[in-house]
Structures are given as C-alpha cells and as structure tokens.
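> need a structure here:
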Amino acid sequence: MIEEIDESKFGKRKYNVGRIVEGQWVFGGICRQTRSFMVPVPSRDKDTLLAVIKERIEPGTNIISDCWRAYQCLEHEGFTHLTVNHSVNFVDPSSLAHTNNIERLWLEVKRKVPLFGRGKEHFVGYLARSMLLMAYEEDKRFHHFLQEVAALYNPLQPPQPQ
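The predicted structure is shown next:
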C-alpha cells in the first residue's frame, strides 16, 4: 500500500491578501489503492500527527510526504517513508515519489468547504460533505447517503433504552 500524507490549513486571509491568519489545521492521507481520510487536528506537531497516522494507517505501509519535521520519525515507527522536497521539486528524481494526489485532494476539498459563515462546530460536517461529493457520482449520492445513514441507524431495530 502507498499512502500520501499531508497537512493543510483551512482558513481565511485578512483582507484577502497575504498569509492565512486564522483557521483549522486538517491532516489527511490518500491511499493510492483504496481510500482517503481527513482529520481536523489542533496542531501539526509530531505527537498529534503520529497519533493519527498510527490510528489510520497500517504498519508497514509505504508513506510519501513532504519534508515536514514531524514526519522524520516514521521509519522508526514501522513505516517505509519516502519524502519529496517541495522547495527543490515536486517529484523526487531518484524515487519518483510525489504527493500530487493529496495536494489535489486539498484543492478539491477547499473548493467545497464554504469560506464564510462556517462555524467551527460544523467543520467536520463540511469535510464529510466534501468527501461524499467527491466519492460518488451526482445521481448516486443520495442513495449512498441513505445507505450510510441506515448502517448507522438501523430503522428495523429501534435504539434500546439504557
């Protein structure tokens, strides 16, 4: 399995210019063979990101990332780790490793998350909505949504009182 990982900040710029001032960090990964994930994180330090990696990615997986220092420990944690130095190139010339898929995922998700009027308490919902929109064709989304709801809340078995 090959998994590309990266972190991105969802936020707004002050007066629409310059660097992003405030916002929400999101850590994500995209497996080239199966699925993707996105998790809001409070910071992008080593301990926070490593906890998500261990929870979401199987040991022994080939991980491709940028050269962010929080990822330097991945080989000691049981992963094969390839890096891409984005200040030099976008595809590593020796290993041909790249993070183009996860970067493309960020582009698509940021287009689907509203810029204004979004409450922090709804941010996870916006991420889930964007993943649903990207995962299924337009005419099949509602059907798949109902299947997911039915899997969580089986209408044939009402909840038992506790």
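
> so which residues of this protein form helices?
With DSSP state H, the ranges of helices along the chain come out as 46-56, 100-112, 123-135, 141-152.

> would you turn those into JSON lines with distance to D66, mean neighbour count and mean pLDDT?
Placement of C-beta: from N, CA and C, glycine included. Listed next are these as JSON lines, based on distance: least, Cβ to Cβ, whole Å; neighbours: other Cβ atoms under 10 Å; pLDDT from 0 to 100:
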{"stretch": "helix 46-56", "distance to D66": "12", "mean neighbour count": "15", "mean pLDDT": "91"}
{"stretch": "helix 100-112", "distance to D66": "9", "mean neighbour count": "16", "mean pLDDT": "86"}
{"stretch": "helix 123-135", "distance to D66": "21", "mean neighbour count": "15", "mean pLDDT": "84"}
{"stretch": "helix 141-152", "distance to D66": "32", "mean neighbour count": "11", "mean pLDDT": "85"}
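
> need those in CSV with distance to V39, can you?
Below are those laid out as CSV (distance: least, Cβ to Cβ, whole Å):
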stretch, distance to V39
helix 46-56, 5
helix 100-112, 12
helix 123-135, 8
helix 141-152, 18
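
> contact partners for the spatially most central residue of the chain?
Nearest to the geometric centre of the chain sits G28, at 2.2 Å (Cα atoms, centre = their mean). Contacts here follow Cβ atoms under 8 Å, 6 or more residues apart in numbering; on that basis G28 touches 5-8, 36-39, 102, 105-106.
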